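Engineer: Got a predicted structure plus its sequence, pasted below:
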Amino acid sequence: MRNTVFLLVLVLGFTLPLGGVAEGYYTYAMTGQLRETLESNPLDRDYKRDMLNPENGTTYGMADVNKKYIKLWDRELNVIYQKLLLKLNDEEKELLIEAQVGWLQYHENEQRLTSKALSKNSGTIFIVQQGSAYRYRLRERTLQLMAYYHRLGGEVEFEYKGNAE
């Protein structure tokens, strides 16, 4: 049991944001309601709950939790991206598309780098760390696009409403 608790603390230290939503470089857009919406989002709340659930206390349990939230953050990213496109004129849309393609290249290259170079002699916990990093990149990009959408007058809300568990 002590080993499981230690492992959870170790993994959560790598997987949960340290300073909340405000640590991102898009904080210039973070005001009252937006800050509250992003910091109290249902994805982070449910992720933390699922990671702390003793049923998910194994490496593979934590990896499964990451997989679940990778899908959810990816869906959230796509929803806000589509909403943001609707707010932009043609020139701005092209710039967003270009920026998103660049971000996707970075995201995929970072994942390949960690898979190849950093996984050596890392043990099975690397599966959890790598999934957490992947999820976190999706999270950060989603929150960034939400901040942009807010600045353009859009009302930010999460598609995912959460589990009642």
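Structural biologist: Here it is on my side, so go on. Numbering: from 1, shown residues only.
Engineer: how much space between Leu113 and Gln130?
Structural biologist: 10 Å (C-beta to C-beta, to the nearest Å). Any C-beta I mention is one placed from the backbone N, CA and C, and that applies to glycine too.
Engineer: May I ask you to name the longest helix in this structure?
Structural biologist: helix 59-87 (DSSP state H).
Engineer: Excluding covalently adjacent residues, which one is nearest to Lys93?
Structural biologist: In this structure, Lys93 finds its nearest non-sequential neighbour in Leu85, 5.6 Å apart by C-beta to C-beta, 6 or more residues apart in numbering.
Engineer: burial of the one you found, as a residue count?
Structural biologist: Neighbours of Leu85 under the rule other C-beta atoms under 10 Å: 13.
Engineer: What pLDDT does the model give the spatially most central residue of the chain?
Structural biologist: Note on the chain: the residue nearest the mean C-alpha position is Arg139, at 2.0 Å, using C-alpha atoms, centre = their mean. For Arg139, the pLDDT comes out at 97.
Engineer: Thought Trp73 was touching it, still the case?
Structural biologist: Yes - assessed by C-beta atoms under 8 Å, Arg139 is found in contact with Trp73 at 5.2 Å.
Engineer: Give the intersection of the neighbour lists for these two.
Structural biologist: Here Arg139 and Trp73 have Leu43 as joint contacts, going by C-beta atoms under 8 Å, 6 or more residues apart in numbering.
Engineer: before we move on, back to that, so which of Leu113 and Gln130 has more stuff around it?
Structural biologist: Between Leu113 and Gln130, counting by other C-beta under 10 Å, Gln130 is the more crowded of the two (18 against 11).
Engineer: tell me which element the more buried one is part of?
Structural biologist: Here Gln130, judged by DSSP states H and E, is contained in helix 125-151.
Engineer: Just checking, which helix or strand of this structure averages the lowest pLDDT?
Structural biologist: Ranking every helix and strand in the chain by mean pLDDT, DSSP states H and E puts helix 2-15 at the bottom, with a mean of 44.
Engineer: picking up where we left off before, would you mind listing the buried residues in the helix holding Gln130?
Structural biologist: Buried residues in helix 125-151, counting neighbours by 16 or more other C-beta atoms under 10 Å, are found at 126-150.
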